[in-house]
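Student: Could you work out the structure for the sequence below:
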Amino acid sequence: MKSIKQISITAKDLSRAKKFYQETLGLQYLFPAGVMEFFQCGGIRILLGGPGSGHDHTSMIYFDVDDITAKYAELKLKGVEFKGDPFMVAKLPHCEVWLAEFRDSEDNPMGLMSEVPLK
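Tutor: So this is what the prediction gives:
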């Protein structure tokens with residue numbers, strides 16, 4: 001396996017979810033397909049499956065960000081409710097790994113992740 005190509009996420013309200021992913025998170029909208037909406041985030045495609053799509057599971061996506069503090073503040077201003085402030089989860093030889101957890105408009109768990117180089 002080379003990388004993740006696509007992640008499927010359940011959407012209870014497809015219209016609300018599309019708005020959240022497109023306008024709040026700022027992901028690139030690709031196309032609709034029946035009761036599904038598709039977005040691009042870097043090299044990964046995200047499938048939002050609405051009611052009747054057969055996608056009745058949940059997933060967790062970690063979005064890689066350069067500046068977790070800035071993205072956290074930006075999304076808070078847009079109404080995103082975080083589980084708490086960004087926090088360090090690991091200190092590796094070359095960086096610190098930071099997370100900030102939240103839920104999308106459909107109550108799916110999400111996270112911001114940043115690898116901060118050591119000085």
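
Student: For the biggest helix by length in the chain, enumerate the helices and strands it packs against.
Tutor: Among the elements of type helix in the chain, defined by DSSP state H, the one spanning the most residues is helix 68-77. Other helices and strands packing on helix 68-77, by 3 or more C-beta pairs under 8 Å, 6 or more residues apart in numbering; DSSP states H and E, are strand 95-103, strand 109-117. C-beta coordinates here come from the backbone N, C-alpha and C atoms, glycine included.

Student: Including distance to residue 52, mean neighbour count and mean pLDDT, could the ones you listed go into JSON lines?
Tutor: Shown next, in JSON lines, are those (distance: least, C-beta to C-beta, whole Å; neighbours: other C-beta atoms under 10 Å; pLDDT from 0 to 100):
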{"stretch": "strand 95-103", "distance to residue 52": "23", "mean neighbour count": "17", "mean pLDDT": "91"}
{"stretch": "strand 109-117", "distance to residue 52": "23", "mean neighbour count": "17", "mean pLDDT": "89"}
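
Student: nearest to residue 70, of the ones you listed?
Tutor: Of all the helices and strands packed on helix 68-77, the one in closest proximity to residue 70, counting by C-beta to C-beta, is strand 109-117 (9.7 Å).

Student: partners of that closest one, with directions?
Tutor: Listed by DSSP bridges, the sheet partners of strand 109-117 and their directions read strand 61-64 (parallel), strand 95-103 (antiparallel).

Student: In the first one, which residues are buried?
Tutor: Under the neighbour-count criterion of 16 or more other C-beta atoms under 10 Å, strand 61-64 has 61, 63 buried.

Student: what's the average pLDDT for that strand?
Tutor: Along strand 61-64, the predicted local confidence has a mean pLDDT of 88.

Student: Go ahead and measure how far that strand is from the middle of the chain.
Tutor: The chain centroid and the centroid of strand 61-64 are separated by 5 Å under C-alpha atoms, centre = their mean, to the nearest Å.

Student: Repeat that for the longest one.
Tutor: Shown here is strand 95-103, whose average C-alpha point lies 12 Å from the average C-alpha point of the whole chain (C-alpha atoms, centre = their mean).

Student: Next: stretch 73-80.
Tutor: Chain-centre distance of stretch 73-80: 14 Å, with C-alpha atoms, centre = their mean.
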